[in-house]
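Chemist: sequence below, structure please.
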Amino acid sequence: MANGWAQDGAVQDQIDDTVADAVLAARARLLAGEAARYCEQCGDDIPEARREALPGARTCIACQAERDAKIRSGGINRRGSKDSQLR
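Modeler: Numbering: from 1, shown residues only. As a prediction, the model looks like this:
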């Protein structure tokens with residue numbers, strides 16, 4: 001399907017790139033190594049089940065939930081504005 005000056009499949013390419021970027025960002029946040037016994041943020045014990053399920057865990061569930069709530073998506077606007085598309 002033609003989209004003005006865009007090549008065929010350009011929209012799917014944008015979607016694929018956005019998904020690939022999200023996967024790379026998620027992989028970058030994964031932890032590795034041996035999990036800590038105590039939370040680095042509050043000092044509470046990290047439950048054994050969490051340490052086994054999530055190797056490399058450094059925070060307790062409550063502190064991690066707080067940290068996750070602060071993460072903002074800083075994605076790229078691949079479409080740009082209409083003005084930039086007309087140039």
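Chemist: so how far is the lengthiest helix in the chain from its chain's centroid?
Modeler: Secondary structure of the chain per DSSP state H: the longest helix is helix 10-29. Per Cα atoms, centre = their mean, to the nearest Å, the displacement of helix 10-29 from the mean C-alpha position of its chain is 10 Å.
Chemist: do the same with stretch 20-39
Modeler: Worked out by Cα atoms, centre = their mean, stretch 20-39 lies 10 Å from the chain centre.
Chemist: what do you get for stretch 9-28?
Modeler: 11 Å.
Chemist: circling back: tell me the first helix or strand C-terminal of the longest helix of the chain.
Modeler: With elements assigned by DSSP states H and E, the helix or strand that comes after helix 10-29 is helix 48-53.
Chemist: and the next helix or strand past that next one?
Modeler: helix 61-70.
Chemist: list the buried residues of that next one.
Modeler: For helix 61-70, the neighbour count (16 or more other Cβ atoms under 10 Å) marks 63-64 as buried. Bear in mind the C-beta positions are built from the backbone N, C-alpha and C, glycine included.
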